[in-house]
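> Mind folding the following:
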Amino acid sequence: MKKLKFAALVFAVGTSVLLVIFEILFYLNIISISPFQGLLKVTGCLQENNDSSFIEFCDIGQGDCTIVKSADSNIVIDFGSADDSDELYYHLKSLGIKELNLAVVTHYHEDHLGGLCDLLERMTVKNILINSSFAEDCDKEVVTRFKSLVEEREVRLIEPQIGTAAMIGRSKIEVLSFLNNADEENERSVCLRVTLSNMSVVFTGDSQWEAETALLERGISLKADILKLGHHGSSTSSSEKLINAVSPSAVVVSCGYNNFYNHPANIVLERVKAKGIKLYRTDLDGNITVTPEESGFSVSTDRGNKNDNT
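Numbers count the residues shown, from 1 in each chain. A predicted model of the protein is given here:
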């Protein structure tokens, strides 16, 4: 009996010490719960990486969609258009994903939000991180449908707050920047950094010059292993200053094959090539899967397994 009491005492003291440590981390802004109150999962977030953790940039045509999967959480950042929602739904099922802990929508354009509307009718989505404000050039029909579905399904909406972060399972999500008062919807894109195990990715949605400048002017470290090129590799995005600030070893472009907009722009491709950064494109490589390794990360694609250990 004495041994049981002693074990219980040790457990209680150990738990108290852990809580104090996490409180100190929160106080120092190393980890912040807000605005993700209730999503923070202490259990598992300090465990070693396992084979089930990966980030996949989906080949979803002229749209954006990224899956962040670990053993204890499923996150999707942007969802492509409604036309590609069936393909996304069945792909998620093939990965064993039956519900999402967090959906992130960078902005209110159909090629980022449309697929989520269909998914809400077929799958449980627990939380959605999305800016409540939108510009006049947003896709209003999609916005109306989205708001209706969220209310019907009673999905919790999370308003992004610049400078906050949360651990969702093994994945750390940081809100880096966004503009609430920009005239164009693209410039209101929520910029994020996602860290999974020992690798990190910066997402800028469809940010262009104005939003990228605001992000850079924050003066914070934007370092990451991978940069998701903004606005499908458009010439209006992924400035040299931003690429230098992130200093990635690889970049990813999400765009449709032979798309009308000629994305990615040659000037952006030349900028990346000149810096010796590895380039991956969903229109040429298909789905691009990045897996954390003990040292760096590996990349595999649908159209040729590159297995680049970076």
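
> make it CA atoms for all contacts and neighbour counts henceforth
Will do.

> Could I get the full set of helices for the stretch 151-300 of the chain?
209-217, 240-246, 266-274, 282-285 (DSSP state H, counting those that start in this stretch).

> can you dump the C-alpha coordinates of the first one into PDB?
Listed next in PDB are the C-alpha coordinates belonging to helix 209-217 (Å, rounded to 0.1, in the frame of the first residue of the first chain):
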ATOM      1  CA  TRP A 209       3.200  42.100 -53.000                       C
ATOM      2  CA  GLU A 210       1.200  43.900 -50.300                       C
ATOM      3  CA  ALA A 211       0.700  40.900 -48.100                       C
ATOM      4  CA  GLU A 212       4.300  39.700 -48.500                       C
ATOM      5  CA  THR A 213       5.600  43.100 -47.600                       C
ATOM      6  CA  ALA A 214       3.400  43.100 -44.400                       C
ATOM      7  CA  LEU A 215       4.800  39.700 -43.500                       C
ATOM      8  CA  LEU A 216       8.400  40.800 -44.000                       C
ATOM      9  CA  GLU A 217       7.900  44.000 -42.100                       C
END
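
> and it, what does it pack onto?
Counting by 3 or more CA pairs under 8 Å, 6 or more residues apart in numbering; DSSP states H and E, the packing neighbours recorded for helix 209-217 are strand 171-177, helix 240-246.

> which one of the ones you listed lies closest to N266?
Closest of the helices and strands packed on helix 209-217 to N266 is helix 240-246, at 13.6 Å (criterion: CA to CA).

> circling back: can you redo the helices of the stretch 151-300 of the chain as TSV with distance to L149?
What follows is the helices of the stretch 151-300 of the chain, written out as TSV (distance: least, CA to CA, whole Å):
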stretch	distance to L149
helix 209-217	29
helix 240-246	36
helix 266-274	37
helix 282-285	29
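
> can you list these in TSV and add distance to Y90 and mean pLDDT?
Output for the helices of the stretch 151-300 of the chain, formatted as TSV (distance: least, CA to CA, whole Å; pLDDT from 0 to 100):
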stretch	distance to Y90	mean pLDDT
helix 209-217	34	97
helix 240-246	33	98
helix 266-274	32	97
helix 282-285	18	96
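
> so which of those is the most packed in?
helix 282-285 (a mean of 20; mean count of other CA atoms under 10 Å).

> Dump the C-alpha coordinates for that one into CSV.
Extracted in CSV, the C-alpha atoms of helix 282-285 (Å, rounded to 0.1, in the frame of the first residue of the first chain):
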residue,chain,number,x,y,z
THR,A,282,2.0,19.4,-58.7
ASP,A,283,1.3,19.8,-62.4
LEU,A,284,4.5,17.9,-63.3
ASP,A,285,5.1,15.7,-60.2
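
> The stretch 201-310 of the chain: strands as residue ranges?
226-228, 250-253, 278-281, 288-292, 297-301 (DSSP state E, counting those that start in this stretch).

> Each with direction, which strands does the first one pair with?
Each strand that strand 226-228 pairs with, and the sense of that pairing, follows from DSSP bridges: strand 199-203 (parallel), strand 250-253 (parallel).

> can you pull the buried residues of the first one?
Yep, that's strand 199-203 we're talking about. M199, S200, V201, V202, F203 (16 or more other CA atoms under 10 Å).

> Touching, the second one and I226? I think so.
It stands for S200. Yes - judged on CA atoms under 8 Å, S200 makes contact with I226 at a distance of 6.4 Å.

> So for S53, which of the helices of the stretch 151-300 of the chain sits nearest?
Of all the helices of the stretch 151-300 of the chain, helix 282-285 comes closest under CA to CA, at 20.1 Å.

> sorry, back to before: for L129, find the nearest of the strands of the stretch 201-310 of the chain.
Per CA to CA, nearest to L129 of the strands of the stretch 201-310 of the chain: strand 226-228, 18.5 Å.

> OK, contacts around S52?
Listed by CA atoms under 8 Å, 6 or more residues apart in numbering, the contact partners of S52 are K69, S70, A71.

> What's the local residue count around the first one?
By that I understand K69. 22 (other CA atoms under 10 Å).

> quick one: contacts for it?
S52, S53, F54, I55, I75.

> now with 6 Å?
K69 makes contact with S53, F54, according to CA atoms under 6 Å, 6 or more residues apart in numbering.

> thinking again about what came up before, format the strands of the stretch 201-310 of the chain as JSON lines; extra columns: mean neighbour count, distance to L95 and mean pLDDT.
Formatted as JSON lines, the strands of the stretch 201-310 of the chain follow (neighbours: other CA atoms under 10 Å; distance: least, CA to CA, whole Å; pLDDT from 0 to 100):
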{"stretch": "strand 226-228", "mean neighbour count": "24", "distance to L95": "22", "mean pLDDT": "98"}
{"stretch": "strand 250-253", "mean neighbour count": "22", "distance to L95": "21", "mean pLDDT": "98"}
{"stretch": "strand 278-281", "mean neighbour count": "19", "distance to L95": "21", "mean pLDDT": "97"}
{"stretch": "strand 288-292", "mean neighbour count": "23", "distance to L95": "12", "mean pLDDT": "97"}
{"stretch": "strand 297-301", "mean neighbour count": "19", "distance to L95": "15", "mean pLDDT": "96"}
